[in-house]
Structure formats: structure tokens, C-alpha cells
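Colleague: after the sequence you'll find the predicted model.
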Amino acid sequence: MSNENKYLELLKTVKEEGAKKETRNGITYSSFGHMLKFDISNNQFPLITTKKMFYRGIVEELLWFLRGSCNSKELEEKGVNIWKENSSREYLDNNGFHDYEEGFLGPIYGFQWRSFNGEVDQLKYVLEELQKNNSRRILLNAWNPCQLSKQALPPCHILYNFFKVNDEEISCMMYMRSSDLFLGLPFNIASTALLTYIIAKVSGFKVKEIAISICDAHIYEEHLTQIDTQLERKPYNFPEIQIVKEIDIKSSIEEKIKWIETLEFEDFKLNNYMSHAAIKGIMK
């Protein structure tokens, strides 16, 4: 069975069995407690093929997080507008962020990853824990109750937990409090895999798999027709990805962080990506 079929089965299950709910931004069909696992060994990259994915957006957003940025304008300059709506003047004013410049999102993912609560560089912490003997404390956390009120949008993918086997391979389990299955989850699957590849590259490990754990898995009513179209399609094999920028794994943690911070889109090579046509859907 194709790895992608696991995602398609989740779409089908939630569409058919999810509870209809009225939420802050529309009607959803929601289901509690799901997990997907993907084998990402041998450079496999879980980029959904039953609709064409915005690959550049996935890469640029992750690098934006890793640099600690919270300004959508940096992404928009690269043609990535996925955060534009939530940082518009209208959105910010409607949500009480009158003092924020347009484009600024407050202390969201990148801030928490690189300066949690303004204090802790969690990327450095993860790299330090990976040097220890099979640590079970290799976590990257974006959920900070102290600063939720300052965020233009609270985080959905909130916890990354890395699993190391000796000094040979790592896997990553990511927890989502809430997941838009049609638009958001395919992005999150690929981004989690890419993050795992980056961490493995600087640490000298192989990668094995990722797991995505979801509390509220939901489909918006406006996406039902698009999902019907997607479920009729047969998935292709996942593509492969390579990080072509080299690094000395014996370098210091500070040098590894600098290497990560200076990664660019061109440092990643996507191979053999075959997909069906894109399927548009309204962002909720």
C-alpha cells in the first residue's frame, strides 16, 4: 500500500464519520485522535501526489521558522503568501493587534523555536540533546501559554519529539492540536519530514520515519467537493529529496546552527515528483 493511502484513508474516514460542528471560522466535520506514520528512509519525501503541492512554500516556510522570523513580508518577497492573510492590516486590527506593523505575526512558531518565551533557543537544545546517549528529551515546543495572547494565530503543530536509536538514525513524532486535513496537513507532513532531514544532516544520522498525531482532525464544509475529487485519484510514488549543501558533522553546535540559518531553497533537490493537478480550496 502506498504511504499516501494512509492520508487518503484519513480524509475518507473524517468525511464520512466526522461530527458536524460549528466553529469560529466555519462548519467542520471533525474527528478525535488520529495518527499517521510515514517511512522516510532512503531519501523518501512524503509530498502528496493526488494534488500538486506548493513545494517551494513548504521549504521556505520551514526555513523561515528555523531562522526565528515572525514577519510574513520575508516570505511574500519570495512569492510565498501563506501567512499574508493572517498578517494583513485588516486581520491584525480586527483581532486587536493595532500596534503590530502589517506583516508581523507576533511571537509565533519561529520565535518560540529560537527564543521560547524570549529566553531559550530550542534548536540549540535539540542539537545538544542529540549528542547525548539516547536522550528521550529531544523536544521542540511551540505552545507557550505565556504568549498566546500576543500571537496573531496560535500554533496548530505544537510539539516535535525526536527519537534516536544509538548514534545511527532518528525519527520524529509531531503533535497537532488541530489539523485542516485538506489544506494544512499535507503541508505539515512534508515540513515535518524536511525538518527531520535537516536535523539528521547536521547530526550525521540516517532518518527512518515520521509520525503525525492529531487531536482535532477536521474537514471544512467548503472542501468537501475538492476532497471527493482527490479521493478519486490514484497516488504516485513519493519523490525523493536531497540536501545538497554539505556540512562537517564534527563542527560545533554554533556552526551547525549557522549552517541551518543560511540554508536556501536551492540547497534542496526534489527528484521524481509526479503529481495530479492542483486542487484549489479556500483558506479558513
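Modeller: Sure, I can see it. Predicted, not measured: the structure shown is a model, and the values here were computed from it. Numbering: from 1, shown residues only.

Colleague: which residues in the stretch 51-200 of the chain form strands?
Modeller: 139-141, 157-165, 169-180 (DSSP state E, counting those that start in this stretch).

Colleague: low pLDDT regions in this protein?
Modeller: Where the chain drops to pLDDT under 70, the residues are 1-2.

Colleague: if we go to 90?
Modeller: 1-3, 23-26, 133-134, 166-167, 283-284 (pLDDT under 90).

Colleague: any chance of the strands of the stretch 51-200 of the chain in CSV, with mean neighbour count and distance to residue 226 too?
Modeller: No exception for glycine: its C-beta is placed from N, CA and C like everyone else's. As requested, the strands of the stretch 51-200 of the chain are exported to CSV (neighbours: other Cβ atoms under 10 Å; distance: least, Cβ to Cβ, whole Å):
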stretch, mean neighbour count, distance to residue 226
strand 139-141, 18, 32
strand 157-165, 19, 22
strand 169-180, 20, 12
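
Colleague: okay if I get these as CSV plus distance to residue 193?
Modeller: What follows is the strands of the stretch 51-200 of the chain, written out as CSV (distance: least, Cβ to Cβ, whole Å):
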stretch, distance to residue 193
strand 139-141, 15
strand 157-165, 12
strand 169-180, 8
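
Colleague: ok, which of those comes nearest residue 236?
Modeller: Closest approach to residue 236 among these is made by strand 169-180 (23.2 Å; Cβ to Cβ).

Colleague: that closest one: how far from the chain's middle?
Modeller: 8 Å (Cα atoms, centre = their mean, to the nearest Å).

Colleague: got the angle for that strand vs strand 157-165?
Modeller: Per axes from the mean of the first three to the mean of the last three Cα atoms, to 10 degrees, the angle that strand 169-180 makes with strand 157-165 is 160 degrees.

Colleague: what does strand 169-180 contact?
Modeller: With contact meaning Cβ atoms under 8 Å, 6 or more residues apart in numbering, strand 169-180 is reached by 130, 143, 155-164, 185, 188, 192, 195-196, 199-200, 203, 205-220, 284.

Colleague: of those residues, which belong to helices?
Modeller: Judged by DSSP state H, the subset of the contacts of strand 169-180 located in helices is 130, 185, 188, 192, 195-196, 199-200, 203.

Colleague: could the residues you listed be laid out in TSV, adding neighbour count?
Modeller: TSV is the format used below for the ones in helices among the contacts of strand 169-180 (neighbours: other Cβ atoms under 10 Å):
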residue	neighbour count
130	20
185	24
188	18
192	23
195	21
196	22
199	24
200	22
203	18
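
Colleague: Serialize these to TSV and add fields for distance to residue 80.
Modeller: Output for the ones in helices among the contacts of strand 169-180, formatted as TSV (distance: Cβ to Cβ, whole Å):
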residue	distance to residue 80
130	29
185	18
188	16
192	18
195	17
196	21
199	22
200	25
203	27
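
Colleague: and those, which is closest to residue 16?
Modeller: Closest to residue 16, out of all of the ones in helices among the contacts of strand 169-180 and judged by Cβ to Cβ, is residue 185, at 17.1 Å.

Colleague: who does the residue nearest to the closest one when sequence neighbours are not counted bridge with?
Modeller: Spatial nearest neighbour of residue 185, chain neighbours left out: residue 179 (5.0 Å); criterion: Cβ to Cβ, 6 or more residues apart in numbering. Legend: beta-bridge partners of residue 179 under DSSP bridges are residue 217.

Colleague: distance of residue 179 relative to residue 196?
Modeller: In this view, residue 179 and residue 196 are 18 Å apart by Cβ to Cβ, to the nearest Å.

Colleague: cool, and residue 95?
Modeller: Distance from residue 95 to residue 196, by Cβ to Cβ: 33 Å.
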